[in-house]
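Peer 1: Give me a 3D structure for the following:
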Amino acid sequence: MKTVLITGANRSIGLETAKQLSEKGLFVYLGTRDLEKGEAVVKELTENGYKNIKAIQIDVTSIDSILSAKTIVEKEQSKLDILINNAGILGTNPQHTLDTSIEDIQKVFDINFFGVISVTQAFLELLKKSDSPRISNITSGLGSLTLHSDPNWKYYPFKTASYGTSKAALNAYTIVLSYELKDLGFKVNAIDPGYTATDFNHFSGPGTVESAASFIIKHTLTGENDPTGKYFSNDIEDETGISPW
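Peer 2: Residues are numbered from 1 along each chain as shown. I've put the predicted structure just below:
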């Protein structure tokens, strides 16, 4: 049975991804900052027929929390097959470059960017023990520099000093990470689930969490010959789903 850790998985897209992966027969560690809330979510899921889901406390901004989670996974599973770096925050709104404080920008980067690096580095040892290790970094279309430079792009006016820039940095990190791990059997990709209706955006997005989770899983449960180091977006109207960086 493959094992997956999803950070920020006690609600929205992360939760739906956990549910769909459970249905596919994977063992899911549902990452949550608040273990009590996470365990309440898992209890409800179990009562509704979902199996092999366990809440695990992990705060991506705390190395102690990350290492404690790693110890649990190592003790119980000895390895990790899939890491889905899903935890993220939007930050303050609006986010103008001229008046968004350094403190606000750093808070977003701490979770959306540095948190991903911390978790990935900590769990790399366990991922290397997998026969088919996968790392999916959940990003956003707002992280595409190419699209943000195109006045004809439908989301062109949605500029964010904290969120979009943190996702652009995450995309860049994904490229480097995939290159360094390409000879070890890893598939490392940036995945944008699309503009989805969640509490993250006050349910303003046109997409559903079911579609978003399905898209993440499609580009995570990949085969040996599938690509690595790509940027996939559920908002790209192309059968490949590949977004420009």
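Peer 1: Using CSV, write down the CA coordinates of stretch 123-130.
Peer 2: Only the C-alpha atoms of stretch 123-130 are listed here, as CSV (Å, rounded to 0.1, in the frame of the first residue of the first chain):
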residue,chain,number,x,y,z
PHE,A,123,11.0,13.8,4.3
LEU,A,124,13.5,13.2,1.5
GLU,A,125,15.2,10.3,3.3
LEU,A,126,11.9,8.5,3.5
LEU,A,127,10.9,9.3,0.0
LYS,A,128,14.2,7.8,-1.3
LYS,A,129,13.1,4.5,0.1
SER,A,130,10.1,4.4,-2.2
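Peer 1: Go through it and flag the buried ones.
Peer 2: 123-124, 126-127, 130 (16 or more other C-beta atoms under 10 Å). In short, each C-beta sits where N, CA and C put it, glycine included.
Peer 1: cool, stretch 95-106 as well?
Peer 2: 95, 100, 105.
Peer 1: now those in TSV, with distance to Lys75, secondary structure and pLDDT?
Peer 2: Below are those laid out as TSV (distance: C-beta to C-beta, whole Å; DSSP: H, G, I helix; E, B strand; the rest coil; pLDDT from 0 to 100):
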residue	distance to Lys75	secondary structure	pLDDT
Gln95	41	coil	96
Thr100	42	coil	97
Ile105	37	helix	98
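Peer 1: Can you lay out these as TSV showing distance to Phe27?
Peer 2: Formatted as TSV, the buried residues of stretch 95-106 follow (distance: C-beta to C-beta, whole Å):
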residue	distance to Phe27
Gln95	38
Thr100	40
Ile105	37
